[in-house]
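> Could you look at this predicted model? Sequence included:
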Amino acid sequence: MKIRLDKFLSLCGVGSRREVIRFIKSKKIRVNQKIIIDPSFKIDPEKDLIFYEERPLFYQKFYYYKFYKPKGVITSTKDKEKNIFDLLPKDLPGLKELFPTGRLDKDAEGLIILTNDGELAHRITHPRWKLPKTYLVEIDKRLEEEDKLAIEEGIELKEGKTKPTQITLLNSEKKQLKITVTEGRYHLLKRLFGKRGYKVLSIKRIAIGPIQLEDLKPCEIKKLSEEELLSLRSELFGKFKNKA
């Protein structure tokens with residue numbers, strides 16, 4: 001499929017649309033053996049060889065990143081509030097095509113996967129594939145064993161009973177927890193603990209399936225490694241195959 005030269009250069013991370021137009025008109029772009037100065041020139045990324053200052057460029061159809069969403073920003077781009085895309089580098093390859101796979105509340109922080117791969121995003125968020133998501137949670141008082149077991153077994157909410165969870169206590173006061181869930185209902189963690197009389201003070205997502213937040217700092221973004229992407233695909237598409 002043919003696309004405009006300026007769009008191709010933007011997708012490759014050469015620069016913004018305005019910048020790549022300037023590069024093209026400055027005779028810095030070669031398509032095969034010919035210098036092209038027309039930004040609207042159509043190329044076939046699978047057949048043509050494109051060079052920027054004699055450096056070969058390669059078209060990448062899908063992009064996969066992990067991002068540390070800080071507190072105080074929203075995930076959705078539909079509202080006028082500050083959102084995660086305001087925090088991303090303007091020259092990030094694939095930036096204009098990226099979307100978040102799932103959400104985190106404004107007052108929550110942690111891992112979000114950004115991609116333009118619709119099929120993978122669907123499987124990350126859809127409950128059919130039961131991809132586990134792990135959070136560090138702090139509550140306002142000691143978690144009693146009875147309540148821990150009740151939450152792990154499932155809590156009856158307005159739209160139905162929640163799926164089983166796994167809770168690990170992280171300190172002797174039993175206020176700091178690690179919880180793994182396999183669904184993404186609205187305000188799920190706050191509602192789970194709220195039903196048993198607890199207030200959630202903080203939420204930090206540290207894992208989505210095999211993808212770990214690791215040492216990322218707030219606002220940092222990192223391309224998924226080949227190993228991470230392979231493990232994520234294996235987790236999701238392997239489950240699909242088993243269901244077929």
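Nice, thanks for sending it over.
> Tell me the buried residues in the lowest-mean-pLDDT helix or strand in the chain?
Of all helical and strand segments in the chain, the minimum by mean pLDDT, DSSP states H and E falls on helix 226-243, at a mean of 76. Neighbour-count burial for helix 226-243, counted by 16 or more other C-beta atoms under 10 Å, picks out Glu228, Leu229, Leu232, Glu235, Leu236. In this view, the C-beta of every residue, glycine as well, is placed from N, C-alpha and C.
> number of nearby residues for the closest residue to the last one other than its chain neighbours?
Spelled out, that is Leu236. Counting by C-beta to C-beta, 6 or more residues apart in numbering, Arg123 is the residue found nearest to Leu236 once chain neighbours are left out, at 4.3 Å. Using other C-beta atoms under 10 Å, Arg123 has 21 other residues around it.
> three-state assignment of Arg123?
Applying DSSP: H, G, I helix; E, B strand; the rest coil to Arg123 yields a three-state assignment of helix.
> What about the closest residue to Ile139 other than its chain neighbours, how many residues nearby?
The shortest distance from Ile139 to any non-neighbouring residue, by C-beta to C-beta, 6+ apart, is to Tyr198 (4.5 Å). Other residues near Tyr198 number 20, with proximity taken as other C-beta under 10 Å.
> Then Ser202?
Ser202 has 14 neighbours, counted by other C-beta under 10 Å.
> who does the longest strand anywhere in the chain touch, helix- and strand-wise?
Looking only at the chain and at elements set by DSSP state E, the strand with the highest residue count is strand 200-208. Judged by 3 or more C-beta pairs under 8 Å, 6 or more residues apart in numbering; DSSP states H and E, strand 200-208 is in contact with strand 109-115, strand 133-139, helix 188-194.
> Any chance of JSON lines for the ones you listed, columns mean pLDDT, distance to Tyr65 and mean neighbour count?
Conversion of the helices and strands packed on strand 200-208 to JSON lines gives the following (pLDDT from 0 to 100; distance: least, C-beta to C-beta, whole Å; neighbours: other C-beta atoms under 10 Å):
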{"stretch": "strand 109-115", "mean pLDDT": "97", "distance to Tyr65": "5", "mean neighbour count": "23"}
{"stretch": "strand 133-139", "mean pLDDT": "98", "distance to Tyr65": "17", "mean neighbour count": "20"}
{"stretch": "helix 188-194", "mean pLDDT": "96", "distance to Tyr65": "24", "mean neighbour count": "19"}
